[in-house]
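Undergrad: requesting a structural model of the entry that follows:
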Amino acid sequence: IKEGDDVEVICSMTSSNKILELLQISNALDNIFARKKVLTIPYLMGARYDRTMLPGDSFDLKVIANLINSCGFEKVILFDPHSSVSTALINNCIEVTNKALVTVYGMSDQAVLICPDAGAAKKIPDYMKWNKSFVDVVYCTKKRDLSTGSLSITVLEPEKCRGKDCVIIDDICDGGGTFIGIAKQILPKSLTLIVSHGIFSKGFPLLEEHFDDIFTSDSLCANYDDSQKILSVNLRSDLRLIAEGKA
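TA: Next up is the predicted model:
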């Protein structure tokens, strides 16, 4: 890299160390007078903390967004952020949707799409447009006690899933409690999970007990060696091309 070069930085923000590395790289590029700096963020740490959850909490996403903004990138590409708050807080931001993952599904042409919560419901019209395999939708209600972390989820029309090929789509799988809770309430022919960001903090045995297939991207990890059912779709290197309409 030399003075006047255009530079793309790819940083999956999985820890505070990664954020510090990004700040250092950005400063180094400024010191050699790089002409244009573009940042691609496959996974954005703190995206779920898009508000103050409880009195006295940190607004984590705003803290991280301020650090990113301090770098002065001409363009910041985000892959399927948790909410629109991310794109509102980060300067010069472009969102890449999860369309590439949604269109991977092709196990059935008569699948029932399961919407896990109100946040995911906003994306349902796009999913139905992107993949004609989805012919019906089942919605769920979810409540979480922010002080304890306990979760309750209810599938509103579980009978629609009986004997059908079903698909759950969401942005993040952390421990997987939401999806396992849904799986225990339905009797599908098959059940597929599609998540943009696979954290899988509690491992795979319980998920693999309930799901026939699990699709995720390589936003956090290229390979999940401990799992027999996860297909990791390679998107990280293509996110800028997708954002620019070239892929």
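Undergrad: how many residues are close by the nearest residue to Cys161 once chain neighbours are set aside?
TA: With sequence-adjacent residues excluded and distances taken as Cβ to Cβ, 6 or more residues apart in numbering, Cys161 is closest to Ile186, at 4.0 Å. Where C-beta positions appear, they are placed from N, C-alpha and C, glycine not excepted. Ile186 has 21 neighbouring residues, counting by other Cβ atoms under 10 Å.
Undergrad: what about Ile186, is that helix, strand or coil?
TA: coil (DSSP: H, G, I helix; E, B strand; the rest coil).
Undergrad: need the contact list for it.
TA: Taking Cβ atoms under 8 Å, 6 or more residues apart in numbering as the criterion, Ile186 is in contact with 114, 155, 158, 161-162, 166.
Undergrad: can you show me the helices along this structure?
TA: Taking DSSP state H as the test, the helices found in the chain are 16-31, 60-70, 84-89, 99-102, 118-121, 124-130, 177-183, 205-210, 239-243.
Undergrad: report the longest strand in this structure, please.
TA: strand 134-144 (DSSP state E).
Undergrad: now Gly176: closest residue in space that isn't a chain neighbour?
TA: Leu207 (4.9 Å).
Undergrad: check what pLDDT the one you found gets.
TA: pLDDT recorded at Leu207 is 94.
Undergrad: hang on, isn't it packed against Phe179?
TA: Yes - if you go by Cβ atoms under 8 Å, Leu207 and Phe179 touch, sitting 7.0 Å apart.
Undergrad: joint contacts of the two?
TA: Both Leu207 and Phe179 are contacted by 173, 193, under the criterion Cβ under 8 Å, 6+ apart.
Undergrad: so what's Cys221 up against?
TA: 198, 232.
Undergrad: mind checking how far it is from Leu239?
TA: Separation of Cys221 from Leu239 (Cβ to Cβ, to the nearest Å): 16 Å.
Undergrad: tell me where the model's unsure across this structure.
TA: Within the chain, the segments meeting pLDDT under 70 span 1-5, 146-149, 246-247.
Undergrad: 90 - rerun?
TA: For the chain, the stretches with pLDDT under 90 are 1-7, 30-37, 48-57, 118-119, 142-152, 221-232, 236-238, 240-247.
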